[in-house]
Structure formats: C-alpha cells, structure tokens
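Novice: Got a predicted model here, sequence first, then my questions.
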Amino acid sequence: MLEAKDWLARIHALNIDRPLRIMNVCGGHERSISMAGLRTALPEQVQLIAGPGCPVCVCPEEDVYQAMQLAMHEKVILVAFGDMLRVPVNVPKGEVRSLEQAKAAGADVRPIASPREAVQIAQQNPDRQVVFFAAGFETTMAPVAAMLLEGVPDNLSLLLSGRLTWPAVAMLLESGEAGFNALVAPGHVATVMGPEEWGFVVEKHHMPTAVAGFTPVSLLAAMYSVLRQSLEDKCFLDNCYPELVKPGGNPVARKHLAQAFEVTDSNWRGIGIIPASGYALAPAYAAHDARLRFPSYNDAERKRAGQMPPGCDCARVVLGRINPDQCKLYGTACTPKYPVGPCMVSDEGACRIWWSTGIRAAEHA
Amino acid sequence: MCLGIPMQVISIDGYNARCEAKGVSRDVSLFLLQGDEVHVGDHVMVHVGYAIQTMTEQEARSTWELLDEMLAAEGNDA
C-alpha cells in the first residue's frame, strides 16, 4: 500500500505548470489537512481551500436565537450537539448571546453526542418538553432520521437546521466565480449518500473531483487524482475512499432521510437562501416540529443586527473566498476562548481548525 | 464531528450493538445498517451513536492512527 510520502512524491513528479486551487467541503478534511501540514508539503502551485464544510457555521442566526428563547422562556430542556452551545447570536452587549450563556443564566440546556441521548432525556423527563436543536449535514441528519423512524416520545420535538452539502458547491460553481479548479468531495457524506451526488461537478462544470477519506493517504490520493485529471484535461469522478464509499451510498440511510424529511430552500448564515439545500420535517412528523409546537417563537419580525457579527468575515471564510487568517478579527478580537463568529467556535470551523494547528494572526496591512 | 469513530462490535441485541474502541465501550445503533449483516467482531464507522457503514480492521486501524494524532494535538488550542 502506498504511504503518504509516496503520494507526495507522485504529486511532486507532476509537471504542474499553473496555479490550481483544490477545495474541500468538510471540516474533517480541513482538520486532517491542517494537522498533517499538507499545505506546505504540496508544490507551491497547489492551493488548498477550505470551503463550506461546517454545518454549525452556516446554521442561521435566527435558529440559534429561537433555541435560546425556547430554553429561556418556555422552560424546555434544550438539547443540542455540543458545538452549538457556544455559537454567538447578534444581540446588544450585555444580553445573553449563546446557549451556553442561557444555561449559565439558569436555562436547562444540555449538550448531547447522539440523537439517542435526546430520546433518553425525553423518556426520563415525561413531564417536560424536550427540544432537540439539530444542525448537521447528511451524515448527521441520517441518524436524526433514524431516531424519528424508530419512534420518539410525544414530549420530544425538533428544531431542525439540517443542510445538504452539494447545493452550496453548486451555488459556488454557478456564481461565475467559484474560486477553485478542483474538488475533494466529503467522504462520510458520500458514505451515506453515494459518490454519484458529486457527478454534476464533473458533468456540468467539467471540474476534476475525487471523494476522499480522512487520513493523509486518502486525501493525498484524491489530490493526486484531481491534479492529474487537471493536467491531462480528462475529468471524472474518482473515489479515493472505496473502503467506505459504495455505489449508491448507504441505501437504508437514504431511505430514512427521504421518509423523515423534505428538502427545502434554506438560509445559510451570512450566505443567504440556497435552493433545495435544507431538511425540514416531513408532514408525517409535523407533530414533532418545534417550530409548529412553539409557533410564537418563529419570530420573522425580530430585528436582527445582521447575519454575522459586525466585522466578522465568517461568511467569506465558509465560502473559501478568504483564508481564516485574512479576517481582521482572527486571533485578535476572535479566539476560541472568546469567539466572535461561528467559524471560531465549531470543531469543524476553518478558523478554529487553523487556530488549533498553531496558525496565529496574519500581518494586517 | 464528521470524522466518525471506528469501533468493534462486541455484542448485538436487535438494532443495538455494544461496541468498543480503545478500551471504551458504547451502545451503538445498527438501525442504518439494516440491509447489512453485522456480526460480533466486525468493525463499523460510528457517527453520533449510529453505525453508518461496515469497515475492515485495517481501515479502522488507519483511522485510529489519525484520531490518536488529533487527540494528541488537542491542548494546542488555548
């Protein structure tokens, strides 16, 4: 089996005669790339771009706000994946600005690691309303769908902020300034949904694409593939994670997703509405929709200070338009301890990942 | 996180499996692997408490090497 150094040697042996920008759309990929130091190990002409790969980062500010209001004013038990708790909303200074702060102020907010914990908490507290605030991409939404199909207690409802990964890539490609020349597609999304979902990048946009796993070996194999595809001007959809990514993905998981959810036009924080990019509960599960159970908190009228906090460049970081250290706040006003934007909060956020691998503030001219 | 954790199945009861990795055991749902035959001793990729795919022992080992490195790098976060 080839090792990472063999793949690097193969990449360096390619005659890369022009700048090539390879985008990944997965926080796990970005973490692995940053940790292994792949950016500096690759030829200078090759740039690795972190794209939309963080579901917490694009979770609409109004959804986080709504979760906080439910926790503070409806006295529900609010459960969410741990990452979500520190994401700040845009409120005047001094007001409660995250689920973590709501918890500190007395709200019953509990981090969970699995949808099954949400069910258990609801079963253990039959006299309380439990709201599961669920953000995530397909890989996370399939387990959430499974949870619903297995049956959930009446006192459990969902505030759903699930998103699909490929529509954001489609949006970038159709924007006329994609900002990248090749794509490394997300391994576990493809494990669930199948690699075929990414065929449009090749067929419609003639862009080299390879599905990758999370080890440096798998990532480098995918990078070698897309670089070679570029140089030979022959693009195809490569699968560099065949151990887990099978044709058609996981058919049971896809069936559950289709039964539990409908795909809808959805807002991405700081980016806007992307067509057919989000999950909503299917009519059969409407009784478990927190937005219907607590309708007075669907506060469309709420005056917002903006999608992202003032000065925060998370939206451009998410889209791969700038690197994390090109944001004015990176490492100065915004650090993991005192995050301003969601990209510095989530383990899948590019800013948090860059920071945790030791990259500090760039010189700002 | 999207990375997923490879675990080994140590017992199965319906759609529930007791799985183990690095000496830690957890209950894992096999609900998303209904079409697959999963046996005691098999390795599965676990994401938020659900097995999303079966995998070989070798693939499980190489993923764990990566996770070990990531865990070792934590604390660099201050």
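Specialist: The structure has been received and is ready for your questions.
Novice: Could you pull up the residues touching residue A:345?
Specialist: A:56, A:83, A:86-88, A:336, A:339, A:352 (C-beta atoms under 8 Å, 6 or more residues apart in numbering or on different chains). Placement of C-beta: from N, CA and C, glycine included.
Novice: Show the pLDDT at it.
Specialist: On pLDDT, residue A:345 comes in at 95.
Novice: Which helix or strand contains the closest residue to residue B:16 other than its chain neighbours?
Specialist: Among residues not flanking residue B:16 along the chain, residue B:27 sits closest, at 5.9 Å (C-beta to C-beta, 6 or more residues apart in numbering or on different chains). According to DSSP states H and E, residue B:27 maps onto strand B:24-29.
Novice: Moving C-terminal from that strand, which element do we reach first?
Specialist: strand B:43-47.
Novice: as a whole number, average confidence for that next one?
Specialist: On average, strand B:43-47 scores 97.
Novice: And the helices in the stretch 251-365 of chain A?
Specialist: For the stretch 251-365 of chain A, the helices defined by DSSP state H, counting those that start in this stretch occupy A:251-260, A:290-293, A:314-318, A:350-356.
Novice: Now mean pLDDT and distance to chain B too, for those helices, in TSV please.
Specialist: TSV is the format used below for the helices of the stretch 251-365 of chain A (pLDDT from 0 to 100; distance: least, C-beta to the nearest C-beta, whole Å):
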stretch	mean pLDDT	distance to chain B
helix A:251-260	98	5
helix A:290-293	96	19
helix A:314-318	95	15
helix A:350-356	95	5
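Novice: Turn those helices into CSV, including mean neighbour count.
Specialist: What follows is the helices of the stretch 251-365 of chain A, written out as CSV (neighbours: other C-beta atoms under 10 Å in any protein chain shown):
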stretch, mean neighbour count
helix A:251-260, 20
helix A:290-293, 19
helix A:314-318, 25
helix A:350-356, 27
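Novice: nearest to residue A:130, of these?
Specialist: With C-beta to C-beta as the criterion, residue A:130 lies closest to helix A:290-293 of the helices of the stretch 251-365 of chain A, at 9.7 Å.
Novice: helices or strands up against the closest one?
Specialist: strand A:156-162 (3 or more C-beta pairs under 8 Å, 6 or more residues apart in numbering or on different chains; DSSP states H and E).
Novice: quick one: low-confidence parts of chain A?
Specialist: Applying pLDDT under 70 to chain A flags residues A:299-306, A:362-365.
Novice: nearest spatial neighbour of the closest residue to chain B within it, skipping sequence neighbours?
Specialist: Nearest residue of chain A to chain B: residue A:114, at 2.8 Å (C-beta to the nearest C-beta). In this structure, residue A:114 finds its nearest non-sequential neighbour in residue B:49, 2.8 Å apart by C-beta to C-beta, 6+ apart.
Novice: Now do the contacts for the one you found.
Specialist: Residue B:49 touches A:113-117, A:143, B:26-29, counting by C-beta under 8 Å, 6+ apart.
Novice: Residue A:145 too?
Specialist: By C-beta under 8 Å, 6+ apart, residue A:145 lies in contact with A:253, A:256-257, A:259-261.
Novice: Distance check, residue A:99 against residue A:309.
Specialist: According to C-beta to C-beta, to the nearest Å, residue A:99 stands 16 Å off from residue A:309.
Novice: Equivalent analysis for residue A:59, please.
Specialist: Separation of residue A:59 from residue A:309 (C-beta to C-beta): 14 Å.
Novice: Ramachandran angles for residue A:49?
Specialist: phi -110, psi 130 (degrees, to the nearest 10).
Novice: Contact partners for it?
Specialist: Residues in contact with residue A:49 (C-beta under 8 Å, 6+ apart) are A:21-24, A:179-180, A:320.
Novice: one more time with 6 Å
Specialist: By C-beta atoms under 6 Å, 6 or more residues apart in numbering or on different chains, the residues touching residue A:49 are A:21, A:23, A:180, A:320.
Novice: With neighbour numbers in mind, choose between residue A:99 and residue A:309.
Specialist: residue A:99 (26 against 22; other C-beta atoms under 10 Å in any protein chain shown).
Novice: burial of the residue lying closest to residue A:161 once chain neighbours are set aside, as a residue count?
Specialist: Spatially, and ignoring its direct neighbours in sequence, residue A:161 is nearest to residue A:135 (4.2 Å; C-beta to C-beta, 6+ apart). Per other C-beta under 10 Å, the neighbour tally for residue A:135 reads 27.
Novice: Name the nearest of the contacts of residue B:49 relative to residue A:11.
Specialist: The shortest approach to residue A:11 among those belongs to residue A:143, at 35.5 Å (C-beta to C-beta).
Novice: does the closest one sit in a helix, a strand or a coil?
Specialist: Assigned by DSSP: H, G, I helix; E, B strand; the rest coil, the conformation of residue A:143 is helix.
Novice: Nearest spatial neighbour of it, chain-adjacent residues omitted?
Specialist: Per C-beta to C-beta, 6+ apart, closest to residue A:143 is residue B:50, 3.9 Å.
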